[in-house]
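Trainee: Here is my input; please provide its structure:
(one chain, ligands or ions: 1)
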Amino acid sequence: MYDVKGNLREVLSSLPAGVKLVAISKYHPNEYIEAAYAEGQRIFGESHEQELRQKHTTLPNDIEWHFIGHLQTNKVKYIAPYVSMVEAVDSIKLLREIEKQAAKCDRVINVLLELHIAEEATKYGLSLDACRELLAGGEWRQMGHIRICGLMMMASNVDDEKQIAAEFDIADHFFNEVKTQYFADDDSFCERSWGMSDDYPIALAHGSTMVRIGTRIFGPRVY
Ligand SMILES: *Cc1c(COP(=O)(O)O)cnc(C)c1O
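Mentor: Numbers count the residues shown, from 1 in each chain. Model (predicted):
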């Protein structure tokens, strides 16, 4: 096995106090998650509903599962009973479905709004204007079973650290904009989920409060 425990310790020691680590365990077997769990890690991130379901039913109950991938509305009902956070909400339609399914389960589900800032055309997420529109629409205010906890984004997959830093900066400024405009009195709107294995040190310098790290802990994924 990859030295999951050693890697996890190394990553944790590189994070400032208060920054949350989401250990991205997609495509990795339960024994890798159990190794991280034994070190005290409790927040894990997955991006496929079936894989998450399988892991959720076989691993300890106190794991907080974050759904980090693109979530189809027809899959929400399967994860609503237990998911801790849906990190990549990129439409009002998805938000409505999470609200509906969370209500059925009598739960409140934490969500992040996913921004699309990176240059890649294939990445999901809301443009800044689409995100402004969603918030200005106000429908989310009536949703009693979701809690908007902040924003999530992925930087472009490039070597240019200046570009990556600039993208995190855009997200950070945008966070301040919407925090001031919509969430000034809402302490739960505080998370900035940016930073992955290759770019999280840059993300930490640009406002990140939550990093999503897979490869650096669990090794390369076998698809
Ligand atoms: C897979 C994934 C990660 C983790 O990427 P690593 O480079 O392995 O750290 C983070 N965020 C999202 C949205 C992902 O899909």
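Trainee: list the buried ones in the helix or strand where residue 34 lies?
Mentor: Following DSSP states H and E, one finds residue 34 within helix 30-38. The neighbour-count check on helix 30-38 (16 or more other CB atoms under 10 Å) flags 32, 33, 35, 36, 37 as buried. Where C-beta positions appear, they are placed from N, C-alpha and C, glycine not excepted.
Trainee: and the fourth one, what does it touch?
Mentor: Right, the one you point to is residue 36. 4, 5, 8, 23, 25, 44, 217, 218 (CB atoms under 8 Å, 6 or more residues apart in numbering).
Trainee: so what's the last one closest to, chain neighbours aside?
Mentor: Put plainly, it is residue 218. Nearest residue to residue 218, sequence neighbours excluded (CB to CB, 6 or more residues apart in numbering): residue 28, at 4.6 Å.
Trainee: tell me the contacts of the one you found?
Mentor: 214, 218, 221.
Trainee: Ok, residue 160 next?
Mentor: Residue 160 touches nothing, counting by CB under 8 Å, 6+ apart.
Trainee: Could you verify that residue 131 is part of a helix?
Mentor: Yes. Assigned with DSSP: H, G, I helix; E, B strand; the rest coil, residue 131 falls within a helix.
Trainee: Helix or strand for the nearest residue to it once chain neighbours are set aside, just tell me which one.
Mentor: Nearest non-adjacent residue to residue 131, counting by CB to CB, 6+ apart: residue 113, 5.7 Å away. Assigned by DSSP H and E, residue 113 belongs to strand 109-115.
Trainee: got the buried residues for that strand?
Mentor: Quick answer for strand 109-115 (16+ other CB under 10 Å): 109, 110, 111, 112, 113, 114, 115.
Trainee: The ligand: which of the residues you listed is nearest?
Mentor: residue 114 (8.5 Å; CB to the nearest ligand atom).
Trainee: any idea how far that closest one lies from residue 144?
Mentor: 22 Å (CB to CB, to the nearest Å).
Trainee: Would the longest helix anywhere in the chain count as contacting the ligand?
Mentor: The residue-count maximum for a helix in the chain (DSSP state H) belongs to helix 161-182. No. Helix 161-182 does not reach the ligand (CB under 6 Å from any ligand atom); its nearest approach is 12.9 Å.
Trainee: just to revisit the earlier point, tabulate the buried residues of helix 30-38 in TSV, adding columns for distance to the ligand and pLDDT.
Mentor: Compiled in TSV, the buried residues of helix 30-38 are given as follows (distance: CB to the nearest ligand atom, whole Å; pLDDT from 0 to 100):
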residue	distance to the ligand	pLDDT
32	13	97
33	14	98
35	16	98
36	13	98
37	18	98
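Trainee: how about the residues you listed, which pair is most distant?
Mentor: Maximum pairwise distance in those, criterion CB to CB, is 9.6 Å, between 32 and 37.
Trainee: Identify the residue spatially nearest to residue 24, adjacent ones excluded.
Mentor: residue 214 (3.3 Å).
Trainee: Report the central residue of the protein.
Mentor: Closest residue to the average C-alpha location of the chain: residue 87 at 3.6 Å, with CA atoms, centre = their mean.
Trainee: For the ligand, see how far away it is.
Mentor: For residue 87, the distance to the ligand equals 7 Å [CB to the nearest ligand atom, to the nearest Å].
Trainee: quick one: strands adjacent to the strand or helix carrying that residue?
Mentor: Take DSSP H and E as the rule and residue 87 turns out to sit in strand 85-89. When sheet partners are counted by DSSP bridges, strand 85-89 sits next to strand 64-67 (parallel), strand 109-115 (parallel).
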